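Trainee: next input, structure requested:
(2 chains)
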Amino acid sequence: MHRVRVRVVEDALDANNTIARANRDDFDRHGVTVVNVMSAPGAGKTTILERILRDGVGDLRVGVLEGDVQGSLDADRLAHLHVPVTQLNTGSGFGGECHLDANMVRSALPSVPLDEIDLLIVENVGNLVCPAEFHIGEDARIMVASVAEGDDKPGKYPLMFRTCELVVVNKIDLLEHVDFSMERFDGFLDAVHPGVDRMRMSARTGEGVGALRDWLVRLPDRAAAPA
Amino acid sequence: MHEFSIASAVVDTAVRHAAGRRVTVVTVRCGRLRQVVPDSLEFAFGILSRETVCEGARLEQEVVPARLRCSACDHEFEIDLPVFRCAACASTDVEVLTGEELEVESIEVSEEASCIA
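Mentor: Now for the predicted structure:
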């Protein structure tokens, strides 16, 4: 028995990226812009979506793909907002993947009415680490951080904060109750991702939500523009 | 935590390239910006490679330093903390040269055929 070395030199996530490109081709063919929303658990992604969807996103027809480890609690919350919501569970029973990957999204696509929407909002599984590694075929990524999590998070999770196009600081209505310095947060954010778009809001009170809606309305044009 | 996801991708890649042969060593290159904890990756690899041709294989890891180049003054430097600002002129217009790698560099296989796919 003798041993030979085989040169591979392949990105470990190549398989995922290949499927992500296939997803992207499907989205492009249907003229759908896709945004991947990521955050820690409880940062307020679903509440933000409720706020955004209640009054619509301009003239865009919106669909939602809800990624959760288990259950349909988030999809149920969005059900009354009259947009197509597809629930995607990453596991069954009591465990599952802590992120969405391209293949999971691909498996859910037959349930997403791509012909009837212009913008697909994907709510990723709440997690500040793994989702950053896995492209799903999206045009843009939004990272939601809430003030209750602390102002040092960009410094602790640089990969996540570096791989997004927009950082939303949520729950600013809690600022007076928590030790969160916006200046310190911005300092960490500028160190890991200089100049990234950012906005502040309270999905609970509605403050600042309009800016995110405007950002989403303009997204299809930006995504279509050559880089 | 994401080491399990990455280890799973590493095992899949190695299995594909092994084409049925028994794998004895898998060599990966991880850039520092990927925040991979070597011990955790090794632990996850050991578990996820079970019942594949990679079972029992050694995982060799090369950690690639994070090197940046400043677009304003051309200064090249290495960072140990996630601060993407030029060490010489403080410009934030910096380009990542290395540190984002996450690749399977090579595998060592034994020529004796294995029946486990």
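Trainee: show the end-to-end separation of stretch A:107-124, please.
Mentor: Length of stretch A:107-124, first residue to last, CA to CA, to the nearest Å: 15 Å.
Trainee: please see if that stretch touches chain B.
Mentor: No - with CB under 8 Å from any CB of the partner chain as the criterion, chain B is not reached by stretch A:107-124; the gap is at least 13.2 Å. C-beta here means a position set from N, CA and C on the backbone, and glycine is covered the same way.
Trainee: let's check: the centremost residue of the chain is which one?
Mentor: Let's take chain A. A:Val37 (1.4 Å; CA atoms, centre = their mean).
Trainee: right idea, wrong chain: chain B
Mentor: With distances taken as CA atoms, centre = their mean, the residue of chain B nearest its centroid is B:Cys30 (2.9 Å).
Trainee: any idea which element it lies in?
Mentor: Element membership for B:Cys30 (DSSP states H and E) is strand B:21-31.
Trainee: beyond that strand, next helix or strand please.
Mentor: helix B:38-48.
Trainee: return the mean pLDDT over the helix or strand hosting the residue nearest to the centre of chain A, rounded to an integer.
Mentor: Following DSSP H and E, one finds A:Val37 within strand A:33-39. Taken as a whole, strand A:33-39 has a mean pLDDT of 97.
Trainee: quick one: strands adjacent to the strand holding B:Cys30?
Mentor: strand B:58-64 (parallel), strand B:102-113 (antiparallel) (DSSP bridges).
Trainee: of these, which is nearest A:Ile19?
Mentor: strand B:102-113 (16.6 Å; CB to CB).
Trainee: can you give me the buried ones in that closest one?
Mentor: B:102-110 (16 or more other CB atoms under 10 Å in any protein chain shown).
Trainee: what's near enough to touch the residue of chain B most remote from its centre?
Mentor: Computed with CA atoms, centre = their mean, the residue of chain B farthest from its C-alpha average is B:Cys89, at 31.1 Å. Going by CB atoms under 8 Å, 6 or more residues apart in numbering or on different chains, B:Cys89 touches B:70, B:72-73, B:75.
Trainee: residues from chain A in reach of chain B?
Mentor: A:1-16, A:97-99, A:101, A:127, A:129-130, A:132-134, A:155, A:158-159, A:162, A:190-195.
Trainee: can I get the longest helix that chain B contains in PDB? Just the C-alpha atoms.
Mentor: Ranked by residue count under DSSP state H, the longest helix found in chain B is helix B:3-18. Once non-C-alpha atoms are left out, helix B:3-18 reads as follows in PDB (Å, rounded to 0.1, in the frame of the first residue of the first chain):
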ATOM      1  CA  GLU B   3     -16.300  24.800  12.600                       C
ATOM      2  CA  PHE B   4     -18.800  22.000  12.200                       C
ATOM      3  CA  SER B   5     -20.300  23.600   9.100                       C
ATOM      4  CA  ILE B   6     -16.800  24.100   7.700                       C
ATOM      5  CA  ALA B   7     -15.600  20.600   8.700                       C
ATOM      6  CA  SER B   8     -18.600  19.200   6.900                       C
ATOM      7  CA  ALA B   9     -17.600  21.100   3.700                       C
ATOM      8  CA  VAL B  10     -14.000  20.000   4.100                       C
ATOM      9  CA  VAL B  11     -15.000  16.300   4.400                       C
ATOM     10  CA  ASP B  12     -17.300  16.600   1.400                       C
ATOM     11  CA  THR B  13     -14.500  18.100  -0.700                       C
ATOM     12  CA  ALA B  14     -12.000  15.500   0.300                       C
ATOM     13  CA  VAL B  15     -14.300  12.600  -0.300                       C
ATOM     14  CA  ARG B  16     -15.100  13.900  -3.800                       C
ATOM     15  CA  HIS B  17     -11.400  14.200  -4.700                       C
ATOM     16  CA  ALA B  18     -10.500  10.900  -3.100                       C
END
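Trainee: how many neighbours does A:Leu175 have?
Mentor: 16 (other CB atoms under 10 Å in any protein chain shown).
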